[in-house]
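# heads up, no residue letters with this:
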């Protein structure tokens with residue numbers, strides 16, 4: 001399995017460039033770390049890859065996302081969601097069900113998958129993220145760290161071939177971060193592709209095939225970049241879109257908020273790890 005990003009460029013509806021061009025290639029069992037300061041386009045990149053931009057989140061995307069030789073560009077989040085799972089930056093944006101166990105199986109049920117087919121993965125993931133004692137509890141009674149572990153686990157449970165994680169360490173304590181890294185390692189052993197967007201590059205070096213550092217050259221100087229590309233309400237709509245027909249019209253969503261910010265420079269001076277054009281690539 002191969003995931004290719006081919007000259008992806010993301011622009012806001014008013015023409016401001018958010019990100020790009022980005023080109024990368026990642027294969028089965030490989031993870032890619034996407035780093036950069038707030039506002040550099042990490043979340044936008046993951047949302048473009050899984051189809052939420054432009055289907056649910058305003059913006060325009062040019063270039064191609066290719067999975068195993070198939071161009072996903074014409075497909076919306078419903079079709080892409082069968083092979084790609086996204087852990088949102090705001091984990092609350094993911095939740096639909098009031099009970100933890102039902103939330104973990106929400107995607108499984110909505111795609112009509114057989115629960116028995118994911119039983120072993122369910123048990124293993126719940127154990128890795130230490131959610132056993134919460135299965136019968138309300139999602140709304142969880143702490144922020146517990147909710148984060150739930151958001152990560154529910155994407156892993158249904159078994160997408162590509163797992164996208166937007167700032168997955170947020171709200172996790174040291175133990176939680178360790179368990180997250182264990183889960184990512186398990187996903188890679190299964191042959192999944194994992195993309196992790198993070199504000200920090202402080203991750204195990206041997207976990208990633210390379211690092212994309214989004215810096216000054218990723219946006220037009222002086223034009224600014226958008227604020228957070230999705231609100232909690234939009235995030236919920238985004239998850240719902242994964243279980244709708246793409247023929248249905250997408251609900252209206254508010255435009256990007258304008259937030260002028262100058263991203264910092266990424267890491268420099270290291271040899272390229274993978275083919276990347278229009279951005280920095282460093283060896284992990």
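That came through fine. None of the values given here were measured: they were computed from a predicted structure.
# from here on, contacts and neighbour counts on C-alpha atoms
Noted.
# tell me, what residue is most central in this protein?
Averaging the C-alpha coordinates of the chain gives a centre point, and the residue nearest to it by CA atoms, centre = their mean is residue 164 (3.1 Å).
# what strand or helix carries it?
Taking DSSP states H and E as the criterion, residue 164 maps to strand 162-166.
# which other helices and strands does that strand contact?
With contacts taken as 3 or more CA pairs under 8 Å, 6 or more residues apart in numbering; DSSP states H and E, strand 162-166 sits against helix 42-50, strand 84-87, helix 144-158, strand 193-198.
# next, format those as a markdown table and append mean pLDDT, distance to residue 24 and mean neighbour count.
Shown next, in a markdown table, are the helices and strands packed on strand 162-166 (pLDDT from 0 to 100; distance: least, CA to CA, whole Å; neighbours: other CA atoms under 10 Å):
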| stretch | mean pLDDT | distance to residue 24 | mean neighbour count |
| --- | --- | --- | --- |
| helix 42-50 | 94 | 12 | 24 |
| strand 84-87 | 95 | 17 | 24 |
| helix 144-158 | 95 | 23 | 24 |
| strand 193-198 | 95 | 11 | 24 |
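# quick one: which of those is nearest residue 25?
strand 193-198 (10.6 Å; CA to CA).
# what pairs with that closest one, parallel or antiparallel?
strand 31-35 (parallel), strand 162-166 (parallel) (DSSP bridges).
# distance of the residue lying closest to residue 172 once chain neighbours are set aside relative to residue 43?
With CA to CA, 6 or more residues apart in numbering as the criterion, residue 172 has its nearest non-adjacent residue at 5.0 Å, and that residue is residue 145. To residue 43, residue 145 is 20 Å away according to CA to CA, to the nearest Å.
# repeat for residue 28
Distance, residue 28 to residue 43, using CA to CA: 22 Å.
# now render the strands paired with strand 193-198 as TSV, adding mean pLDDT and distance to residue 65.
Listed next are these as TSV, based on pLDDT from 0 to 100; distance: least, CA to CA, whole Å:
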stretch	mean pLDDT	distance to residue 65
strand 31-35	93	15
strand 162-166	96	12
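# quick check: bridge partners of residue 27?
residue 2.
# just checking, it touches residue 194?
No. The criterion here is CA atoms under 8 Å, and residue 27 misses it with residue 194 at 9.5 Å.
# my guess is residue 1 contacts residue 68. True?
Yes. Applying CA under 8 Å, one finds residue 1 in contact with residue 68, separated by 5.3 Å.
# and the two? which has more neighbours close in?
Per other CA atoms under 10 Å, whichever of residue 1 and residue 68 has more neighbours is residue 1, with 14 against 11.
# what about residue 112, is that helix, strand or coil?
Following DSSP: H, G, I helix; E, B strand; the rest coil, the label given to residue 112 is coil.
# how many neighbours does it have?
Residue 112, neighbours per other CA under 10 Å, totals 9.
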